[in-house]
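# Need coordinates for the below:
(2 chains)
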Amino acid sequence: MISYIIRRLIQAVVTLFLITVIVFLVMRLLPGDPITLYTTEVLTPQQRAELIEMYGLDQPLLIQYTSWISDVLRGDLGMSPTQGRPVNELIARNLGRTIHLGSLALVLGIILGIPAGIVAATRRGKWQDTAATLFANIGICVPIFWLGVMMIYLFAFYLRVLPSHGYTSPLVDFGLSTKQLIMPVICLALFPMASLARQTRSSMLEVLRQDYIRTAWAKGLSERLIIRRHVVKNGLIPIITLIGLQVPRIISGAVIVETVFSIPGFGRLLMVSALSKDYQVIQGGVLVAATLVVLSNLVVDLCYGWIDPRIQYT
Amino acid sequence: MIREGAVPAGVMEVPPPQSEVRRIAKVFFSRKVAVVGLIIVVAWVLAAIFAPHFTPYEPYKSDLDNALLQPSREHLLGTDLIGRDTLTRIIYGSRIAFMICGLAVGSAALIGSALGLVAAYYGGILNMVIMRLVDALMSIPMIVKALLIAALLGGGITSIVLAIGFVLTSVYARLMHGVALSVKERDYVTAARATGAGNLRIMLYHILPNSIAPLMVQMTLQLGFALLIEAAMSFLGVGMSPPAAAWGSMISTGYEFLISRPILCLAPGLAIMSLVFGFNMIGDGLRDALDPRLRGTL
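Predicted structure coming up:
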């Protein structure tokens, strides 16, 4: 087990190293002036030359990468030229809000999506199955930014029951915070909910076809017991991986949802930086987002063995 | 002697052989949702091709006298801020949707499957380098990756096609890698090698054609996904920008008039949803038809 954890940690470190290489090369090798990484101002040729020398942009790429990665490893993601503040400070300030929003959406997606899939599989061909399948199939087709806009129209402008935008910490005003988060959380949870429902149904149907389920029926166990003890327990194993896969989706969704609902989170920071061409923040943001995904994959892989003892750590 | 047409006792009647294409078509068309998906996509394809025949209006021509009209018999979905017919722009918008999604998914499938195929076929260090890079790319959330590329390249069709193509390439590389790893061990590949076929020939004529089924399913499903990414990026302002009749940017501009003219946001959103639904249902139907193990599941 320990050697497996160490091996997975090494794999995670290698993946993170490659991500830094990709991000570095993409930022330096794509068309455009690399100096735009450090400033958004219009420069005279002399100022430009001075900055290029100052930031070492005239050095070979390998030297540039070594210098950049040593800063990154010390936690220095550079200065935002548009906001005039350290990138890690900007990200740290905004990431908490995204984690708050994202974790609520993930929990909602899990507690609604998985039971919907179980009900659909165990009531196959009945109205519950049709309803859950229809919901799941439509849920993965809805553009979440559009859903957000339509919810704002319905609940904020037409019915006037929810605020249209903003974020308040639950520690400051729990009631307002909850009201402000209802629409963003539903929007962000929709895709995980629908995909979890689809996958859970497929996985449960697969288990229902197994011989041990037939044996359980044959020995006269109740339907409730068969579903709880045999179907759900075995069918949920692949779902754990899918829950892990929701993390990048939640981060992607946060970029959209936070922009629609004006939530000053990590996603909106990335969006604003992309529009203002603040490459330092984008670069740091991509690294942080990828690190979160790599860590979530690591946790899922480790959980997998804990949940399913048949899986060998080889 | 057995008479022609008679089945001897104890021998099961064998159904007449069926061509593979026929079997796939039969399974596909037995799935009602797949047929509905196909009808939706065909309808949008026809709308895109024959757009000028469906509407008397121009998608980009402003008519300030008729700005922000409510839906009426002349303008079924009303008009926008500068008097352009919303339905016309949605119909013409399908051209942009098909073009961007087709180019992005096509290029991603081409480059991604080439990478996956080469990695699986040659193995060793090449395989390790390519697949670890693919793993690294897949760890970056898709919209974040697309934002990165779009921000570096600016807006416009080329930039958005490259951004979405870049986002999806790793998916095809991983898929093709998995399929090719199993196909390359088959007897017919060994036989081809024994007859002196070169590596390129084996990859292109023996492994690729036998790996195409899951690739096709993935491409159909990814068309819908590409459309969702394109629409989101256009809405956020890093994709297609006005006056292009892209559905995402139509919602973005309609957002300013959400209270008085919600139809300007509602209609393009329903268009996106319907086309994504169509692609997904065709993809699901194809998957069921091409992979009998999955038949009966979602």
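# sec struct for residue 57, please.
Because you didn't say which chain, this covers chain A. Using DSSP: H, G, I helix; E, B strand; the rest coil, the structure places A:L57 in coil.
# that's the wrong chain, I meant chain B
Three-state assignment for B:Y57 (three-state DSSP): coil.
# Name the nearest residue to the residue nearest the centre of chain B, ignoring sequence neighbours.
Compute the mean C-alpha point of chain B, and by C-alpha atoms, centre = their mean the closest residue is B:L223, 1.6 Å away. Excluding its sequence neighbours, the residue lying closest to B:L223 (C-beta to C-beta, 6 or more residues apart in numbering or on different chains) is B:F279, at 4.4 Å. The way it works is simple: take the backbone N, C-alpha and C, and place the C-beta from them, glycine included.
# Let me know the helix or strand that B:L228 is in.
For B:L228, the host element (DSSP states H and E) is helix B:212-236.
# now B:V238
B:V238 belongs to no helix or strand, assigned by DSSP H and E.
# Could you check how many residues crowd around the nearest residue to it once chain neighbours are set aside?
Nearest non-adjacent residue to B:V238, counting by C-beta to C-beta, 6+ apart: B:A150, 4.3 Å away. Other residues within reach of B:A150, judged by other C-beta atoms under 10 Å in any protein chain shown, total 24.
# Break down chain B into its helices, ranges please.
B:20-30, B:32-49, B:51-54, B:86-122, B:124-138, B:142-153, B:157-183, B:187-194, B:199-201, B:212-236, B:247-254, B:263-290 (DSSP state H).
# mind putting the ones you listed in TSV, mean pLDDT included?
Converted to TSV, these look like this (pLDDT from 0 to 100):
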stretch	mean pLDDT
helix B:20-30	85
helix B:32-49	95
helix B:51-54	92
helix B:86-122	95
helix B:124-138	92
helix B:142-153	86
helix B:157-183	92
helix B:187-194	90
helix B:199-201	91
helix B:212-236	92
helix B:247-254	94
helix B:263-290	93
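# so where do the helices sit in the stretch 1-150 of chain A?
A:2-29, A:45-54, A:61-73, A:87-122, A:127-139, A:144-151 (DSSP state H, counting those that start in this stretch).
# any idea which of these scores lowest on pLDDT?
Ranked by mean pLDDT, the helices of the stretch 1-150 of chain A end with helix A:45-54 in last place, scoring a mean of 81.
# For the residue of the stretch 101-250 of chain A found nearest chain B, which non-adjacent residue is spatially closest?
Taking C-beta to the nearest C-beta as the measure, the stretch 101-250 of chain A has A:W146 as its residue closest to chain B, at 3.6 Å. Among residues not flanking A:W146 along the chain, B:G269 sits closest, at 3.6 Å (C-beta to C-beta, 6+ apart).
# who touches the one you found in this structure?
B:G269 is in contact with A:P143, A:W146, A:L147, A:V149, A:M150, B:W247, B:I251, counting by C-beta atoms under 8 Å, 6 or more residues apart in numbering or on different chains.
# Surely the first one and B:A232 touch.
In this case it means A:P143. Yes. With contact defined as C-beta atoms under 8 Å, A:P143 reaches B:A232; the gap is 6.4 Å.
# Name the residues contacting each of those two.
Counting by C-beta under 8 Å, 6+ apart, the residues touching both A:P143 and B:A232 are B:G248.
# Neighbour count: those two, which is higher?
Taking neighbours as other C-beta under 10 Å, A:P143 and B:A232 compare with B:A232 leading, 27 against 24.
# for the more buried one, what are its contacts?
Residues counted as contacts of B:A232 (C-beta under 8 Å, 6+ apart) are A:P143, A:I144, A:F145, A:I256, B:I143, B:G239, B:G248.
# these two touch, right, the residue nearest to B:L223 and B:M219?
No. The pair B:F279 / B:M219 is not scored as a contact, 9.6 Å apart, by C-beta under 8 Å.
# Give me the more crowded residue out of the two.
B:F279 (27 against 23).
# Now for the more buried one: which residues touch it?
Contacts for B:F279 (C-beta under 8 Å, 6+ apart) come out as B:G37, B:V41, B:T220, B:L221, B:L223, B:G224, B:L227.
# Ok, B:I263 next?
B:P71, B:L77, B:G78, B:T86.
# Next: B:P268.
A:W146, B:T86, B:R89, B:I90, B:G93, B:W247, B:G248, B:M250, B:I251, B:G254.
# before we move on, what SS does A:P264 have?
At A:P264 the chain is in coil, as set by three-state DSSP.
# If you drop the residues flanking it in sequence, what lies closest to residue 271?
Since no chain was named, I'll use chain A. In space, A:M271 is closest to A:T259, 4.9 Å off (C-beta to C-beta, 6+ apart).
# my bad, chain B
Nearest to B:A271 is B:I90, by C-beta to C-beta, 6+ apart, at 5.0 Å.
# I'd like the distance between the one you found and chain A.
13 Å (C-beta to the nearest C-beta, to the nearest Å).
# Tell me, how many residues neighbour that residue?
22.
# ok, it - contacts?
Shown in contact with B:I90 (C-beta under 8 Å, 6+ apart): B:L77, B:A245, B:W247, B:M250, B:A267, B:P268, B:A271.
# Tell me who's in contact with the third one.
The neighbourhood of B:W247, defined by C-beta under 8 Å, 6+ apart, consists of B:I90, B:G93, B:I96, B:A97, B:A231, B:S234, B:P268, B:G269, B:A271, B:I272.
# distance of the nearest residue to it once chain neighbours are set aside from A:T241?
Of all residues not flanking B:W247 in the chain, B:P268 sits nearest, at 4.2 Å (C-beta to C-beta, 6+ apart). Between B:P268 and A:T241 the computed distance is 35 Å (C-beta to C-beta, to the nearest Å).
# Would you mind measuring from A:L43 to chain B?
To chain B, A:L43 is 19 Å away according to C-beta to the nearest C-beta.
# Just give me the neighbour total for A:A92.
13.
# quick one, phi psi at B:P262?
Main-chain dihedrals, B:P262, degrees, to the nearest 10: phi -60, psi -20.
# residue contacts, it?
B:P262 makes contact with A:M150, A:Y153 under the criterion C-beta under 8 Å, 6+ apart.
# what's the pLDDT at it?
Reported pLDDT for B:P262: 94.
# what's the answer for B:P243, then?
84.
# Next one: the closest residue to A:S296 other than its chain neighbours from A:A254, what distance?
Among residues not flanking A:S296 along the chain, A:V247 sits closest, at 4.0 Å (C-beta to C-beta, 6+ apart). From A:V247 across to A:A254, the span is 11 Å (C-beta to C-beta).
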